[in-house]
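[1] Test case, fold it:
(4 chains)
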There are 2 protein chains.
Amino acid sequence: MRKGDETRARILQVAEAAVLAKGFGATSIEELITETGITKSGFFYHFHDKNELAKALLERYLENDNRIYDEIFGRAHELADDPLQAFLLGLKLLSEQLADLPNGHPGCLVAVMCVHERAFDRGIQEINRQAALAWRSRFRAMFTEIMDVYEPREPLDPDQLADMVSTVLEGGIVMSKALREPKSLPDQLLVLRAFVRMLFRGDSRSPNPDVDSRRL
Amino acid sequence: MRKGDETRARILQVAEAAVLAKGFGATSIEELITETGITKSGFFYHFHDKNELAKALLERYLENDNRIYDEIFGRAHELADDPLQAFLLGLKLLSEQLADLPNGHPGCLVAVMCVHERAFDRGIQEINRQAALAWRSRFRAMFTEIMDVYEPREPLDPDQLADMVSTVLEGGIVMSKALREPKSLPDQLLVLRAFVRMLFRGDSRSPNPDVDSRRL
DNA sequence: CGAAAACTGTACCGGCGGTACAGGAGGCTG
DNA sequence: CAGCCTCCTGTACCGCCGGTACAGTTTTCG
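    Prediction:
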């Protein structure tokens, strides 16, 4: 039914903001129901316990997360034919989008679930792992595409390079929260961008190489 | 008194392991006292509430954290005169030490406190911020030392470079937990190491440049 | 209209963080 | 030896929260 889904979505929306702000344990069900305007019974009609809420929260978050990456890197691939240019543009667009958030990135639910780790069941741990693997394969695809055209200066594993993108995102979120400097996260992404550009193109002060001459 | 400090230390030790495994909210005081073999009253004699426990936990963690960095990069500076070599060696030693942990890195309390954020008072948030700033100044000192000798291929801010080390460490911890691959964290550190080497030394396939000829 | 979906209301349970307070063991000091 | 201080123990209690149970009510839709 539609009405039920709408209420459920409203709970998830309120819950996500609360969990990202205070952590999962510090978010009480009672506060969620007062904010969404339903009763406790209503809450447990939708989620039979807090663990199920966590699972739904994580799934919703990951859907949105993937949608954002699809959009940004899809647009980047439309604007640039060259895979390296597209990836570098994508990182830039992502950095800009993150810099535009007035209060900084609200936080990553994957990181939240990692920190709480054993407090959740294996189902959530597995979703988390699959999410990380999905990030890896997403960015690995970009790096192998780049490596078909450019030879890296250092022989780095595309899987590890791909993980580096997620690592900088997750670490950047943690650090910008610790530092209370929202700009830190987008800046770190740009540092990564500089590293990747350096890896495949070398010195930035030399003019851009003629890309097509190196294409297979 | 010595006896009190010893009990306090035992509580902190038990608490740290529990918090890193399950998060702060999921760690109950009752479980801590059964494991340390004291009573609830005994616990509240040492820490007047859970927030104070968190504070003491964080302070203890950061002391140890700083000691480890001092040791590793101190040794690296003993073994290598050149600041770049010393830094690269330090990253390698750190990576090896992290790879030797059988179950991977247990987790970073700074990240835990960041995730829980608003659940704690400003005192803890400030300690967290100071810790991140201390990491920044530690690694910035190394990068400015390196920049006195080597010119970077890309004009990167030493503060942002310094933050990159913390970012990769924090992100690597999150990612290796999400992936359930302990090796991921040390690997990411080595990727960062390759990036830094590339930034200051260029192509790894060319022979090592004569360092002294570039020294000021 | 009727059935299923989407709730509300009430009452209750146990665990947990936290308070209050009395008292006791053990060591140090005058 | 007395007395005090540190470092606890024991007991009793409070309120919040997650969760259960279940009966009843409204809303939605075929």
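
[2] which residues touch A:Leu88?
    A:193, A:196-197 (Cβ atoms under 8 Å, 6 or more residues apart in numbering or on different chains). Placement of C-beta: from N, CA and C, glycine included.

[3] Can I get the helix or strand that contains A:Val115 in CSV? Just the C-alpha atoms.
    A:Val115 belongs to helix A:109-116 when assigned by DSSP states H and E. Only the C-alpha atoms of helix A:109-116 are listed here, as CSV (Å, rounded to 0.1, in the frame of the first residue of the first chain):
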residue,chain,number,x,y,z
LEU,A,109,26.2,5.0,7.4
VAL,A,110,28.7,2.4,6.3
ALA,A,111,31.2,3.9,8.7
VAL,A,112,28.6,4.1,11.4
MET,A,113,27.8,0.4,11.0
CYS,A,114,31.5,-0.4,10.9
VAL,A,115,32.1,1.4,14.2
HIS,A,116,29.2,-0.4,15.8
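
[4] Nearest spatial neighbour of the residue nearest to the spatial centre of chain A, chain-adjacent residues omitted?
    When Cα atoms, centre = their mean is applied to chain A, the residue found nearest the centroid is A:Asp65 (5.5 Å). Counting by Cβ to Cβ, 6 or more residues apart in numbering or on different chains, A:Ala131 is the residue found nearest to A:Asp65 once chain neighbours are left out, at 7.8 Å.

[5] pLDDT averaged over stretch A:49-60 - what is it?
    Stretch A:49-60 shows a mean pLDDT of 96.

[6] can you check stretch A:4-11 too?
    The average pLDDT within stretch A:4-11 is 93.

[7] any bit of that stretch sitting next to DNA strand C?
    Yes. Legend: contact between stretch A:4-11 and DNA strand C by Cβ under 7 Å from any atom of the strand is shown at A:4-8.

[8] Only alpha carbons, please: show that stretch as PDB.
    Written as PDB, here are the backbone C-alpha positions of stretch A:4-11 (Å, rounded to 0.1, in the frame of the first residue of the first chain):
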ATOM      1  CA  GLY A   4       2.400   2.700   4.600                       C
ATOM      2  CA  ASP A   5       5.400   3.200   2.400                       C
ATOM      3  CA  GLU A   6       5.200   6.900   2.800                       C
ATOM      4  CA  THR A   7       5.100   6.600   6.600                       C
ATOM      5  CA  ARG A   8       8.000   4.200   6.500                       C
ATOM      6  CA  ALA A   9      10.000   6.500   4.300                       C
ATOM      7  CA  ARG A  10       9.300   9.400   6.700                       C
ATOM      8  CA  ILE A  11      10.600   7.300   9.600                       C
END
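
[9] Can you spell out which helices and strands pack onto the helix or strand hosting A:Gly123?
    For A:Gly123, the host element (DSSP H and E) is helix A:122-149. Helices and strands touching helix A:122-149, by 3 or more Cβ pairs under 8 Å, 6 or more residues apart in numbering or on different chains; DSSP states H and E, are helix A:50-79, helix A:83-100, helix A:109-116, helix A:158-179, helix B:158-179.

[10] Just the angle for it relative to helix B:158-179, thanks.
    130 degrees (axes from the mean of the first three to the mean of the last three Cα atoms, to 10 degrees).

[11] on that earlier part again, ok, which of the helices and strands packed on helix A:122-149 comes nearest DNA strand D?
    Closest approach to DNA strand D among the helices and strands packed on helix A:122-149 is made by helix A:50-79 (3.2 Å; Cβ to the nearest atom of the strand).

[12] near DNA strand C at all, that closest one?
    No. Shown here: helix A:50-79 not in contact with DNA strand C (Cβ under 7 Å from any atom of the strand), separated by at least 12.0 Å.

[13] if we can go back for a sec, can you lay out the residues of stretch A:4-11 next to DNA strand C as CSV showing neighbour count?
    Output for the residues of stretch A:4-11 next to DNA strand C, formatted as CSV (neighbours: other Cβ atoms under 10 Å in any protein chain shown):
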residue, neighbour count
A:Gly4, 10
A:Asp5, 10
A:Glu6, 10
A:Thr7, 18
A:Arg8, 17
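
[14] Start and end of stretch A:40-54, how far apart?
    Counting by Cα to Cα, to the nearest Å, you get 17 Å between the two ends of stretch A:40-54.

[15] Return the distance of the residue of chain A found nearest chain B relative to B:Lys183.
    Nearest residue of chain A to chain B, counting by Cβ to the nearest Cβ: A:Gly25, 2.0 Å away. A:Gly25 sits at a distance of 30 Å from B:Lys183 (criterion: Cβ to Cβ, to the nearest Å).
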